[in-house]
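# everything below, folded, please.
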Amino acid sequence: MRSGVRDDRFWYILPTTYHCESCKPVCDLKKNAAFTLAEVLITLGIIGVVAAMTMPMLIAKYQKLVTANKLKVAYSLIAQSIERAEADYGSVKYWTFDSEEAFVNKYVKPYFQVVRVYDVGSLPADFHHYCRTGNICDSYGSFRAASKIVLKNGMMLSMDIDTTTNNYVWLTITVDLNGLKDYSTYGKDTFVFSLDPDYEKLLPYGLGRVTGEFTDTIRDKSRAALLSGSDARSCVNNGIFCAAVIFMDNWQIKDDYPW
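Sure thing, here's the model as predicted:
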């Protein structure tokens with residue numbers, strides 16, 4: 001090869017320093033790609049703040065979903081047990097509502113997987129049901145005086161026969177989804193249903209007849225009334241009508257539900 005004449009066939013023998021000059025922008029990009037410690041710490045801090053803001057909402061959403069599903073299961077179990085009892089004893093309107101103990105032994109226990117029965121006075125003295133206000137609300141459904149059974153899945157059912165002066169009766173069923181495990185609050189893990197011989201079906205408390213309502217009186221049974229009406233039993237007040245709201249919302253706990 002003559003001196004001073006370039007032959008492209010031998011470009012690769014040029015020193016490395018000359019070859020890298022043509023890729024200098026790429027080299028500079030690689031050199032500047034790393035993050036500083038301050039940038040990393042700032043990024044982690046932002047992620048932590050976002051997580052702290054969103055995690056409580058995600059946890060609450062999950063708890064609502066679990067609660068609604070458990071309540072649907074409880075309703076299904078009770079409804080199925082009633083159907084099986086009706087197959088043996090006829091329509092619920094012909095059942096005998098004499099005493100809670102006799103009623104439970106005849107129409108309830110044989111149709112559930114019962115692991116324990118709590119008679120009057122046998123429930124732990126420090127266990128209570130609370131209203132959403134935080135007050136003890138054992139009087140609803142005569143909880144402490146009613147017959148109670150604990151199911152294999154951990155749920156506890158309380159059965160109270162409500163008898164009026166004109167001998168009209170119906171059954172109030174209180175469902176504690178967690179049994180004796182946790183603090184029990186109406187509208188969060190404790191819900192109420194009623195079995196009315198006139199209606200011949202299981203209804204969430206508030207959609208059927210309620211205590212003090214001895215005839216088919218006209219009462220607002222709309223979602224708005226059950227959720228936040230003036231009745232002390234409404235969902236936003238003491239929480240007794242909360243099962244009715246979830247039932248009307250197709251077993252969902254919506255954003256306006258007082259969680």
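# can you give me the strands in the stretch 1-150 of the chain?
Using DSSP state E, counting those that start in this stretch, the strands assigned to the stretch 1-150 of the chain run over residues 114-118, 129-130, 147-151.
# can you list the ones you listed in a markdown table and add mean pLDDT and distance to I42?
C-beta: built from backbone N, CA, C; applies to glycine. Shown next, in a markdown table, are the strands of the stretch 1-150 of the chain (pLDDT from 0 to 100; distance: least, C-beta to C-beta, whole Å):
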| stretch | mean pLDDT | distance to I42 |
| --- | --- | --- |
| strand 114-118 | 91 | 55 |
| strand 129-130 | 92 | 44 |
| strand 147-151 | 92 | 52 |
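# redo those as a markdown table? Include distance to S91.
Listed next are the strands of the stretch 1-150 of the chain as a markdown table, based on distance: least, C-beta to C-beta, whole Å:
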| stretch | distance to S91 |
| --- | --- |
| strand 114-118 | 24 |
| strand 129-130 | 31 |
| strand 147-151 | 22 |
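# which one of these lies nearest to Y205?
strand 129-130 (13.3 Å; C-beta to C-beta).
# which strands and helices sit next to that closest one?
strand 184-185 (3 or more C-beta pairs under 8 Å, 6 or more residues apart in numbering; DSSP states H and E).
# next SSE after the strand it packs on?
strand 190-196 (DSSP states H and E).
# in its sheet, what does the very next helix or strand once past that next one sit against?
Sequence order places strand 201-204 as the next helix or strand after strand 190-196, per DSSP H and E. Using DSSP bridges, strand 201-204 pairs in its sheet with strand 190-196 (antiparallel).
# gap between the strand it pairs with and the chain center?
16 Å (C-alpha atoms, centre = their mean, to the nearest Å).
# so for D98, what's the pLDDT?
Looking at D98, its pLDDT reads 80.
# how many neighbours does it have?
By the measure other C-beta atoms under 10 Å, the count of residues near D98 is 12.
# try L71
Per other C-beta under 10 Å, the neighbour tally for L71 reads 23.
# so who does it touch?
Residues near L71 by C-beta atoms under 8 Å, 6 or more residues apart in numbering: V175, L177, F191, A243, I246, W251.
# can you show me the helices along the protein?
16-21, 24-31, 37-89, 100-103, 223-228, 242-248 (DSSP state H).
# tabulate the ones you listed (TSV), appending distance to Y183.
TSV is the format used below for those (distance: least, C-beta to C-beta, whole Å):
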stretch	distance to Y183
helix 16-21	70
helix 24-31	58
helix 37-89	13
helix 100-103	26
helix 223-228	23
helix 242-248	16
